[in-house]
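1. pasting the sequence and the predicted coordinates here, then a few questions.
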Amino acid sequence: MGNVAIGAGRRPEVEERLTQPRRLLRQLCDVDSGRLRRLIRSGDLAPCFDPAEDAAGLDEDCPICFYFYPSLNRSKCCGKEICTECFLQLMPSKSSKVVHCPFCKTASYAVEYRGNRAKREKKLDQQEEQKASEPKKKIQYKSQTADELKGV
């Protein structure tokens, strides 16, 4: 009694302060602040969360600015995460060319926001990264061992 059911596809309301970037390095004269606000409120772009310098309960870190956030946007091409403000910094001005993904170099860089990632999804991503880094470590170890043998 008195409880209100929330619709299945409904997203939580985003605070007004989280719809505007606050720590941009360059002035973005081409950004339509009304459109940006609509994209964030509709859930198509992550809110401009307050960044944290350590992980204190925040699982996701932006590989561009190295701050931690509750959730991030994901590249449509390679699935790498990026905060909204770093994404905005990468976007081209009206006079510049197409932007390539900073991670995989795919042309026409775009992101999507899926909300918080599930623990299972995070674990799978960590396993994939570990698998990708193991061959690099082996090559580095072999190279280091060969250099040591040459020095003997």
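-> Perfect, thanks for sending it.
2. domain parsing of this protein, as residue ranges.
-> Split into domains by automatic domain parsing, the chain comes to 16-117, 122-152.
3. so which of the ones you listed is the most surrounded?
-> Burial of those is given as mean neighbour count (mean count of other CB atoms under 10 Å); domain 16-117 ranks first at a mean of 15. From N, CA and C alone the C-beta is placed, and that goes for glycine too.
4. quick check: mean pLDDT of that domain?
-> Taken as a whole, domain 16-117 has a mean pLDDT of 85.
5. just stretch 144-152 next, same as before
-> 70.
6. centre of the chain to it, how far?
-> 40 Å (CA atoms, centre = their mean, to the nearest Å).
7. for stretch 31-39, same thing?
-> 19 Å.
8. only alpha carbons, please: show it as PDB.
-> C-alpha atoms of stretch 31-39 as PDB (Å, rounded to 0.1, in the frame of the first residue of the first chain):
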ATOM      1  CA  VAL A  31      29.000  21.300 -27.800                       C
ATOM      2  CA  ASP A  32      25.300  21.900 -27.600                       C
ATOM      3  CA  SER A  33      24.700  21.900 -23.800                       C
ATOM      4  CA  GLY A  34      21.000  21.300 -24.300                       C
ATOM      5  CA  ARG A  35      21.700  18.200 -26.500                       C
ATOM      6  CA  LEU A  36      24.300  17.000 -24.000                       C
ATOM      7  CA  ARG A  37      21.800  17.300 -21.200                       C
ATOM      8  CA  ARG A  38      19.200  15.300 -23.200                       C
ATOM      9  CA  LEU A  39      21.700  12.600 -24.000                       C
END
